[in-house]
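Engineer: Here is a sequence with its predicted model. Questions after.
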Amino acid sequence: MKAIINTNIVMADHMIPNGAIVMDGDRIVDFGKNIKVGAAECIDAGGLFTGPGLIDIHTHAGNNQFFFENPVGAAKALLESGVTDVLPTLYFAMNSDQLIEAAGVIQAAKDSGEAPNILGFYMEAPYMNPKFGCDRENNPWKGDIRREDYSALLDAIGDKVYVWGVAPERENIEMFMKDARLVNPKAVFSVAHSEADPYQVQRLKPYGLKLATHHTNATGTLNKYPECRGVCVDEAVWYNDEIYAELICDRVGIHVDPYMLRLVKKIKGEDKIILISDAYVSDGPVPPGYEEATDIGFDNSGEIAGSKMLLSGACRNMIYHTGSSLCQIFKYASINPAKMLGLEDRGEIGIGKVANLIVTDALFDVKHVFLKGNQIK
């Protein structure tokens, strides 16, 4: 048995000061104040904060390495930073064979046990709006949605995909979603790289659409009429309480302006925001005026290409930009993603929950990491 002692325990809506968390094997068996730890091996948190391990549902890379190039290295880099569960993300610039091959490399690393924090896949592919996204000139999925084009992909990896990004405005997208759900009934769909109107978004909710990929990024136009502000994907996400909003929270506020972050927080509330890193490997030139944006990437055309962040960095930035509390931050980066994915055994501190835990200071500098009760850092 192990016990984290002398710690402030971060719960969903309060903190437990001067507490302890006891782990037996891979589970939490007790927590709170005045806990008897017996002969447990004790880790003194020194008065720092202990919360659930971070869950990054949307990231392409770790330590500036794509997951499909070095899945073990990427997974370990994220784990050491506090990400105890991750969905490696594959991008639409690959064709079906390439997506299957890349997923196979990542799955092999997971099966080997060397990348134990990999859960499954987030597919920022195949059927999003080809007008959006970095490297969009290399999109092999621009044509009509046809079952013969995607069936091999579903057969190969469909049961391992937690999230599919889709553009609701694409013709026959419902056919793809129904087929994906036949392979994995628990699959979640996310409105992604889309210029859909709110009615097109809402139409797909019965098929399992309950997420918005990097909310307010690559989300269409507001200028339906020349002199009138229209509505688009963003307003659909705000209006529909069931839809979670992913946020890329970089240091300068390029992906999402700090004022917009505060507005989204006010509209969506604490329970429907999910922080992501959306880390990507891209070393294009930094456009003039963006020199301070050191935690985001650019492609060779100067287009924003994801981030260079760890999820812990996004958490820290969210504190700076919005004044969020640690309880709120752990909701955005642990509790909410677990609930959205249906992971009932993790994402928060509770008896019987998986002992995925991190110890951090007030500004989210991660000091210790525990994966299934084993101390990683």
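Structural biologist: Cool, the structure landed.

Engineer: Show the contacting residues for residue 134.
Structural biologist: When contacts are counted by Cβ atoms under 8 Å, 6 or more residues apart in numbering, residue 134 touches 280, 282, 299, 303-306. From N, CA and C alone the C-beta is placed, and that goes for glycine too.

Engineer: Most neighbours of all these, which one?
Structural biologist: The residue in the contacts of residue 134 with the most neighbours, by other Cβ atoms under 10 Å, is residue 306 (30 neighbours).

Engineer: give me every residue that touches the nearest residue to that residue once chain neighbours are set aside.
Structural biologist: Spatial nearest neighbour of residue 306, excluding adjacent residues (Cβ to Cβ, 6 or more residues apart in numbering): residue 280 at 2.9 Å. Neighbouring residues of residue 280 by Cβ under 8 Å, 6+ apart: 60-61, 134, 297, 305-308.

Engineer: got it, and residue 87?
Structural biologist: 56-59, 118-122, 162-163.

Engineer: For residue 346, state which of the residues you listed is nearest.
Structural biologist: The closest of those to residue 346 turns out to be residue 119 (Cβ to Cβ; 9.9 Å).

Engineer: And residue 274, how far from residue 126?
Structural biologist: 22 Å (Cβ to Cβ, to the nearest Å).

Engineer: between the two, who's got more neighbours?
Structural biologist: residue 274 (27 against 23).

Engineer: give me the element that one is part of.
Structural biologist: strand 273-276 (DSSP states H and E).

Engineer: and the helix or strand following that strand, what does it pack onto?
Structural biologist: Remark: after strand 273-276, the chain's next helix or strand is strand 296-298, criterion DSSP H and E. Contact partners of strand 296-298 among helices and strands, from 3 or more Cβ pairs under 8 Å, 6 or more residues apart in numbering; DSSP states H and E: strand 304-307.

Engineer: For residue 172, which non-adjacent residue is spatially closest?
Structural biologist: residue 145 (4.1 Å).

Engineer: what about stretch 155-172, how long is it end to end?
Structural biologist: Start to finish, the residues bounding stretch 155-172 are 19 Å apart (Cα to Cα, to the nearest Å).

Engineer: sorry, that was for stretch 274-281
Structural biologist: Stretch 274-281 end-to-end distance (Cα to Cα) = 22 Å.

Engineer: element containing the residue nearest to the spatial centre of the chain?
Structural biologist: With distances taken as Cα atoms, centre = their mean, the chain has residue 57 as the residue nearest its mean C-alpha position (2.7 Å). If you go by DSSP H and E, residue 57 is part of strand 54-59.

Engineer: Run through the strands of the stretch 251-377 of the chain in chain order.
Structural biologist: All strands of the stretch 251-377 of the chain, identified by DSSP state E, counting those that start in this stretch, fall at 273-276, 296-298, 304-307, 357-360, 366-371, 374-375.

Engineer: For the ones you listed, give me TSV that also has distance to residue 97 and mean pLDDT.
Structural biologist: Shown next, in TSV, are the strands of the stretch 251-377 of the chain (distance: least, Cβ to Cβ, whole Å; pLDDT from 0 to 100):
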stretch	distance to residue 97	mean pLDDT
strand 273-276	27	98
strand 296-298	26	89
strand 304-307	23	89
strand 357-360	38	98
strand 366-371	33	98
strand 374-375	37	98
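
Engineer: Redo these as CSV? Include distance to residue 185.
Structural biologist: As requested, the strands of the stretch 251-377 of the chain are arranged in CSV below (distance: least, Cβ to Cβ, whole Å):
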stretch, distance to residue 185
strand 273-276, 22
strand 296-298, 35
strand 304-307, 30
strand 357-360, 31
strand 366-371, 28
strand 374-375, 32
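
Engineer: how about those strands, which one is nearest residue 91?
Structural biologist: Among those, the nearest to residue 91 by Cβ to Cβ is strand 304-307 (9.2 Å).

Engineer: just checking, what packs against that closest one?
Structural biologist: Going by 3+ Cβ pairs under 8 Å, 6+ apart, strand 304-307 lies up against strand 296-298.

Engineer: What ranges does the chain have for its helices?
Structural biologist: According to DSSP state H, the chain carries its helices in the segments 71-80, 96-112, 147-157, 173-183, 198-203, 233-239, 258-268, 311-322, 326-330, 336-341.

Engineer: Save the ones you listed as CSV, and put in mean pLDDT and mean neighbour count too.
Structural biologist: Shown next, in CSV, are those (pLDDT from 0 to 100; neighbours: other Cβ atoms under 10 Å):
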stretch, mean pLDDT, mean neighbour count
helix 71-80, 98, 22
helix 96-112, 98, 17
helix 147-157, 98, 16
helix 173-183, 98, 17
helix 198-203, 96, 17
helix 233-239, 97, 21
helix 258-268, 98, 17
helix 311-322, 98, 23
helix 326-330, 98, 22
helix 336-341, 98, 23
